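Trainee: Structure of the sequence below:
(2 chains)
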Amino acid sequence: MTTVTEVGAPGPAPVPLPAETRGDHRGSWIPTWGMVTTRCMELRRRRGLMIALIAVNIGIPVVFLSVRLISHAVAPRSYGPAGGYSIFTTLVAGFMYVFGFVVAAVVGCTAGSTDLTEGMFRHLVITGRSRLALYFARIPAGLAIVIAMVAVGYTIVCAVCVFAAPTQLNYDGVNVPVGLSQPALHSWAAAHADEVICDFNFHGGAGLNGPPPNVSCGGQLNGPPPGTVIQQKGGGTFTVPAAESPAQIRAFAVTVANQDYADYHSQFLVPSTTLMVDVGLWIALEATIGFLVGLGLSSLMGQRTVAVILLIVLELILTPIFSRHIILHLLNVQRGIVGVAMAHIEPGGLPTPFSGGGGGGGDPLIPASTLASSLVIVGWIVFWTAIGAWRMRTRDA
Amino acid sequence: MTTATVTDSPPGQRGESEWAVETHGLTKRFESNVAVNDVELLVPRGCAFGYLGPNGAGKTTLIRVLLGLTHADAGTMFLLGHSVPRHRDVALARVGAIVDEPRFHGHLTGRQNLQILAAAREPAAKGRIDPVLERVGILHRANDKVSKYSMGMRQRLGVAACLLGDPQLLILDEPMNGLDPAGMLDMRDMILSLVAEGRTVVLSSHLLDEVERTCDAVAIVDRGKVIRQGPISQLLAGSSFEVQVQCSDPDRANSLLAATTFGAHVQAGPDGLAISLPEGTDRDAIAEINRLLVEGGISVFRLQHIQASLESWFLEVTKRLGEAE
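Mentor: Prediction:
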């Protein structure tokens, strides 16, 4: 039994709560505007983080496009225009998509762990403010920075790709007017038969069993010399004529152009407004996911470095592997990776992510429906937000 | 002055509004280690209260439990009359605290750090930033990055953070750590001024001298358990004390004192005799010693009552506790 002696007469009443305190919803999980803005300020003042963020989202695309602009201005015959559809797709799918995620994840990991590692978490908890509100304040604050950076970088890319686009479509190395209808392309091919025969893709097929007619391609004949006997696949032989008539050559060029029309039609000088909007939203979603996953993971782990490394490994190593190589027993796990799901919902007209950007080559993506991919994305956002908030609520400060 | 027995005041019937801090059976375990052991603590409002204990006694853990930084395994607690953790948000609205070494975002200025904390408090807190910075004496460095602050300045910033909410209760964990003598004096004055404004300051420390100078009442904690608590003057009044005597014949004085029933322990030293009187001895014993020596024909040149310090009392109490175990 402990005996206590009072120091003095105790106060007569409980401490009244001041009026301004009663109205501040301190127990609510919704953060105040002031909490969001000060949290945003805290992140913005991290010089190293901001430099990295600007360098990746803005700096690298700007440098890349600037070099192309200057090169084209200095030697237009050697270097193509800085912008255009192909540059747009290469930059977006090959760079901004992947590294936008990584940088957003770094910001998320920073936002989720620094209060703890720098000793501010304790001060904040002592204010009596809901821990959930403290966590949720980081989301709009961090996204305001990440999305703004992505938007600036993306706007620059779009602007250059639109305003510095080529005036003619370079198709298979041949400058072709853009937007020709099929008959118009036929007419153009007949007028430029040599270029079409030399440079366009020739796929063989009905009526074209023989080699292309001999025309001069850069001073050399493009086919076997006249009089050569060629063994055909069907068993017969074909003797290369001494020379085709101009009409035959034009007819052959038209046929080749006809074969390539679908491919030609899919090429554009500038990305369309719809495509740019769709891709912008897609990149913003990818950055949002990177931020939220980083925030949740670092909040769970209580530190930044390991969380950042894990997310870099996920995005740069695991996702490219799992997006293309089917592992039978792990197929559903592969589908559950957020990067794979995001690749499935990419806007049409872009090369497949993780294929190196330009051509969309390599193996196709593992099969998954759009619905399943959408559910995976929502699942990742909800899961990591919930896990981060839960850890924030239960962590000892 | 009234006397209360904690165990006579069950939680449901206590006047919780009377106390700034009130705990009953508060317990916190870390696996097999009991860091806070069935603590019954009553901190009156409007005073400076010292929470004393050696390193590892569980002082900081108790504070962390009180502030909701970690959960309690058992017991009930009230801050300013509000049950914690049930009404934690209401209770902490008028509480400021420094726990352990105060740390902040080093890349931000002192003012920016306070802006973050003020945003988590009521809207009026934002308007208190400059006044509290001025009060703790770092307004002139408010726009410097905290990474450039000395330890003492960070302590001051920590106190400024406490004051943002215009608190009725301040809980300061080792606030003197890292302060130079002038800084300690400033901190002591600040604590006294806060108490003078009607606030309650709970001071956790192992610097007994500072606590004695600053606090009105103390609780002694050892191995997680509160072993004594009350006003310093009353706690020390019940402790043993010493009387120093300079006289003409120390040997004969020693013999005369040995024959009395005081239970005194006499030790001869260069300054004369040091007479230790046991706990509970009345102050009249000093006059009795003087009379005994004079009547014995011994000339008394100096007779001085040495009151036990908080430090000696603390060591005495904790030593006795160790011996009992």
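
Trainee: Longest helix of chain A, counting residues only.
Mentor: Longest helix in chain A by number of residues (criterion: DSSP state H): helix A:273-301.

Trainee: Next, the buried residues of the following helix or strand past it.
Mentor: As assigned by DSSP states H and E, the chain's next helix or strand after helix A:273-301 is helix A:305-313. Buried residues in helix A:305-313, counted by 16 or more other Cβ atoms under 10 Å in any protein chain shown: A:307-308, A:310-311. Where C-beta positions appear, they are placed from N, C-alpha and C, glycine not excepted.

Trainee: between helix A:305-313 and helix A:273-301, how many degrees?
Mentor: 150 degrees (axes from the mean of the first three to the mean of the last three Cα atoms, to 10 degrees).

Trainee: who are the neighbours in contact with the residue nearest the centre of chain A?
Mentor: By Cα atoms, centre = their mean, the mean C-alpha position of chain A lies nearest to A:Tyr97, the distance being 2.1 Å. Applying Cβ atoms under 8 Å, 6 or more residues apart in numbering or on different chains, we find A:Tyr97 in contact with A:282-283, A:286, A:342, A:353.

Trainee: for A:Arg68, same thing?
Mentor: Contacts of A:Arg68 (Cβ under 8 Å, 6+ apart): A:79-82, A:87, A:164.

Trainee: just the buried members of these?
Mentor: Using 16+ other Cβ under 10 Å as the burial test, the contacts of A:Arg68 include A:81-82, A:87, A:164 as buried.

Trainee: so A:Ala190 is in which element?
Mentor: Here A:Ala190 is assigned to helix A:182-191, by DSSP H and E.

Trainee: buried residues in that helix?
Mentor: Residues A:185-186, A:188-190 are the ones in helix A:182-191 that count as buried (16+ other Cβ under 10 Å).

Trainee: Please convert those to TSV, extending it with pLDDT.
Mentor: Formatted as TSV, the buried residues of helix A:182-191 follow (pLDDT from 0 to 100):
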residue	pLDDT
A:Leu185	88
A:His186	90
A:Trp188	89
A:Ala189	88
A:Ala190	88
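
Trainee: which one of those sits closest to B:Met187?
Mentor: For the buried residues of helix A:182-191, the residue nearest B:Met187 by Cβ to Cβ is A:Leu185; the value is 85.9 Å.

Trainee: Looks like that closest one contacts A:Tyr261 (just checking).
Mentor: Yes: if you go by Cβ atoms under 8 Å, A:Leu185 and A:Tyr261 touch, sitting 5.7 Å apart.

Trainee: Just confirm A:Leu49 contacts A:Val107, I think it does.
Mentor: Yes: using Cβ under 8 Å, A:Leu49 is in contact with A:Val107, at 6.6 Å.

Trainee: Mind checking which of the contacts of A:Tyr97 are buried?
Mentor: Of these, these count as buried by 16+ other Cβ under 10 Å: A:282-283, A:286, A:342, A:353.

Trainee: For the residues you listed, point out the one with the lowest pLDDT.
Mentor: Lowest pLDDT within the buried ones among the contacts of A:Tyr97 is found at A:Pro353 (65).

Trainee: export the buried ones among the contacts of A:Tyr97 to CSV and tack on distance to A:Glu195?
Mentor: Compiled in CSV, the buried ones among the contacts of A:Tyr97 are given as follows (distance: Cβ to Cβ, whole Å):
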residue, distance to A:Glu195
A:Trp282, 37
A:Ile283, 37
A:Glu286, 41
A:Met342, 40
A:Pro353, 34
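
Trainee: ok, which pair from these is furthest apart?
Mentor: Going by Cβ to Cβ, the pair spanning the buried ones among the contacts of A:Tyr97 furthest: A:Ile283 and A:Pro353, at 10.7 Å.

Trainee: sec struct for B:Asp227, please.
Mentor: That one is not Asp; residue B:227 is Ile. The three-state label given to B:Ile227 by DSSP: H, G, I helix; E, B strand; the rest coil is strand.

Trainee: Is the nearest residue to it once chain neighbours are set aside bridged to anything, and to what?
Mentor: In space, and not counting its chain neighbours, B:Ile227 is closest to B:Ile220: 5.2 Å by Cβ to Cβ, 6 or more residues apart in numbering or on different chains. On the basis of DSSP bridges, B:Ile220 is bridged to B:Leu52, B:Arg228.

Trainee: quick one: B:Ile220 from B:Phe49, how far?
Mentor: According to Cβ to Cβ, to the nearest Å, B:Ile220 and B:Phe49 sit 12 Å apart.

Trainee: quick one: which of the two has more around it?
Mentor: B:Phe49 (29 against 24; other Cβ atoms under 10 Å in any protein chain shown).

Trainee: So which elements touch the one helix or strand that one maps to?
Mentor: Using DSSP H and E, B:Phe49 maps to strand B:48-52. Judged by 3 or more Cβ pairs under 8 Å, 6 or more residues apart in numbering or on different chains; DSSP states H and E, strand B:48-52 is in contact with helix B:59-66, helix B:181-196, strand B:200-205, helix B:208-214, strand B:217-222.

Trainee: Export the ones you listed to a markdown table and append columns for mean pLDDT.
Mentor: Formatted as a markdown table, those follow (pLDDT from 0 to 100):
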| stretch | mean pLDDT |
| --- | --- |
| helix B:59-66 | 92 |
| helix B:181-196 | 90 |
| strand B:200-205 | 92 |
| helix B:208-214 | 85 |
| strand B:217-222 | 89 |
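
Trainee: got those as CSV, with distance to B:Asp282 columns?
Mentor: Output for the helices and strands packed on strand B:48-52, formatted as CSV (distance: least, Cβ to Cβ, whole Å):
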stretch, distance to B:Asp282
helix B:59-66, 34
helix B:181-196, 32
strand B:200-205, 32
helix B:208-214, 23
strand B:217-222, 24
